[in-house]
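>>> How does the following fold in three dimensions:
(one chain, ligands or ions: 1)
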Amino acid sequence: MKNAYVSKEQVEAIAKEYPTPFYLYDEKGIRDTARKLYKAFSWNPGFKEYFAIKATPNTAILRILKEEGCGVDCSSKVELTMAEACGFKGQEIMFSSNDTPEEEYIFARELGGIINLDDFSNIAEVEETLGTLPKTMSLRFNPGGYFKIANTIMDNPEEAKFGMTEAQILEGYKILKEKGVEHFGIHAFLASNTVSNEYYPVLARQLFQLVVRIKKELGISLDFVNLSGGIGIPYRPEQEPNDILLIGQGVKEVFEEILVPNGLGHIRLCTELGRFMLAPYGALITKVIHFKETYRHYAGVDACAANLMRPAIYDAYHHITVLGKEEEKETKTYDVVGSLCENNDKFAKNRELPVLEKGDYLFFHDAGAHGFAMGYNYNGKLWCAELLLKEDGTVKCIRRAQRDTDYFATLDIDEDFQKYLQNRK
Ligand SMILES: *Cc1c(COP(=O)(O)O)cnc(C)c1O
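Residues are numbered from 1 along each chain as shown. Got it, this is the predicted structure:
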């Protein structure tokens, strides 16, 4: 059972000021989750979560997370700019990118962020670009093969474009040390959206073993291990959620088993969670505007895949609550669709829902990460607003809806078009 964090009456009131569709984020849920994560890793004094900005690139969200003690993980110049604008400084910024333009390394260095190199060849490139290497550097590891835990997690690092092989990473630390780097970190992201308490402990074991090897073979004691993102959420109501306290405990056991006896108990842990931190605390709220009966029952809504792309590209499941009809017994099976000229613009297929009527508000759960962020403008669809449901129950607009004039602003508009825009009603 998944419950919406707003009622129909609340949404009706919000929609008077901010027409649907819109995203609504739940400040309380975000803060509670950040606090729980810090509690789970409180046994590791230097622990820090670097929120992956790409998941929810909104400065209001970043400021909430900053207040909760988080840093940020950036992967582009715009994300670095947002980090700086929100007051993240120095080592509160992780720069984990790949196929990176030179200017982004320069900017990350200016901000004093930690640069996490994706590829062996980046070492020479960064040295050339920056003149000297920063005193702190991190390297991204890819063990290859399959990453598998029982029947719960399956991913394929061998096919992932990210990270360095074991031989490359060992050679990498050796070179960094020769070139005067003093503080070192390691990073790996081997499986995505894991709904299992095993992922971090198993990943930590792999990384900690490698960290011990680096110490023994190269005489380098790393400063931090970055477990990156990948902790998932139960998109389906029947799934069992992760228990972050258990996950923290699991990592602690591996830490005490492998690192502590090898004189590496000083190591700080980092995470770069995106989905786990935000997905359940953002919803896309949309209104039913149309019905169509052909070979299926279609319910058309005023949002489309341009507002939430995951169902279209990953066939991802997003649970739907029909606000005000939570207790309805009578159901009907619908395809819930948007208006794009693309047949993949379906938020749900053959979904059993309470019988819908025009004007019903649908609450698409778990859209708070990799939701708005993946928006696009196909078919001239504009981005919707992002709103924050604050802890005191009030609602604040944290990104206004895009206007057609925003969409036109980057065009080479001629005088006639400008006149047209000025004169239209
Ligand atoms: C996408 C990404 C994350 C966040 O991933 P989630 O699945 O949202 O936890 C963290 N680090 C890096 C380098 C990423 O690319």
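
>>> So which bits of the chain are right by the ligand?
52, 54-55, 73, 96, 189, 192, 228-230, 272-276, 369 (C-beta under 6 Å from any ligand atom). Where C-beta positions appear, they are placed from N, C-alpha and C, glycine not excepted.

>>> can you give me the helices in the chain?
With helices called from DSSP state H, the chain shows them at 8-17, 27-40, 59-67, 77-85, 102-110, 121-130, 166-178, 199-218, 244-254, 275-278, 310-314, 404-408, 415-423.

>>> For residue 142, which of those is the nearest?
With C-beta to C-beta, the closest approach to residue 142 among the helices of the chain belongs to helix 166-178: 8.7 Å.

>>> list the contacts for whatever residue of the stretch 251-400 of the chain ends up closest to the ligand?
Nearest residue of the stretch 251-400 of the chain to the ligand (C-beta to the nearest ligand atom) works out as residue 274 at 2.6 Å. Residues near residue 274 by C-beta atoms under 8 Å, 6 or more residues apart in numbering: 51, 52, 54, 55, 56, 73, 229, 369, 370.

>>> I'd assumed residue 277 was in contact with the last one.
No - contact criterion C-beta atoms under 8 Å: residue 370 and residue 277 do not qualify, at 11.6 Å.

>>> and for those two, which residues touch both?
Between them, residue 370 and residue 277 share these contacting residues under C-beta under 8 Å, 6+ apart: residue 55.

>>> which of the helices of the chain sits most buried?
When the helices of the chain are scored by mean count of other C-beta atoms under 10 Å, the highest mean neighbour count falls to helix 275-278 (a mean of 27).

>>> What strands flank the longest strand that the chain contains, and is each parallel or antiparallel?
Longest strand in the chain by number of residues, with DSSP state E as the criterion: strand 282-293. With DSSP bridges as the test, strand 282-293 is paired with strand 22-26 (antiparallel), strand 297-301 (antiparallel), strand 361-364 (antiparallel).

>>> count of residues packed around the residue nearest to residue 379 when sequence neighbours are not counted?
In space, residue 379 comes closest to residue 340 once its chain neighbours are excluded; the distance is 5.2 Å by C-beta to C-beta, 6 or more residues apart in numbering. Counted by other C-beta atoms under 10 Å, the residues lying close to residue 340 total 16.

>>> Least confident secondary structure element in this structure?
Sorting the helices and strands of the chain by mean pLDDT, DSSP states H and E puts strand 153-155 at the bottom, at a mean of 81.

>>> partners of that one in the sheet?
Here, using DSSP bridges, strand 153-155 pairs with strand 147-149 (antiparallel).

>>> Identify the residues contacting the strand it pairs with?
Against strand 147-149 from outside (C-beta under 8 Å, 6+ apart): 153, 154, 155, 156, 157, 190, 191, 196, 198, 199, 202.

>>> nearest to residue 237, of those?
residue 196 (17.5 Å).

>>> Let me know whether the closest one touches residue 152 as I believe.
Yes - with contacts counted by C-beta under 8 Å, residue 196 reaches residue 152, the gap being 4.2 Å.
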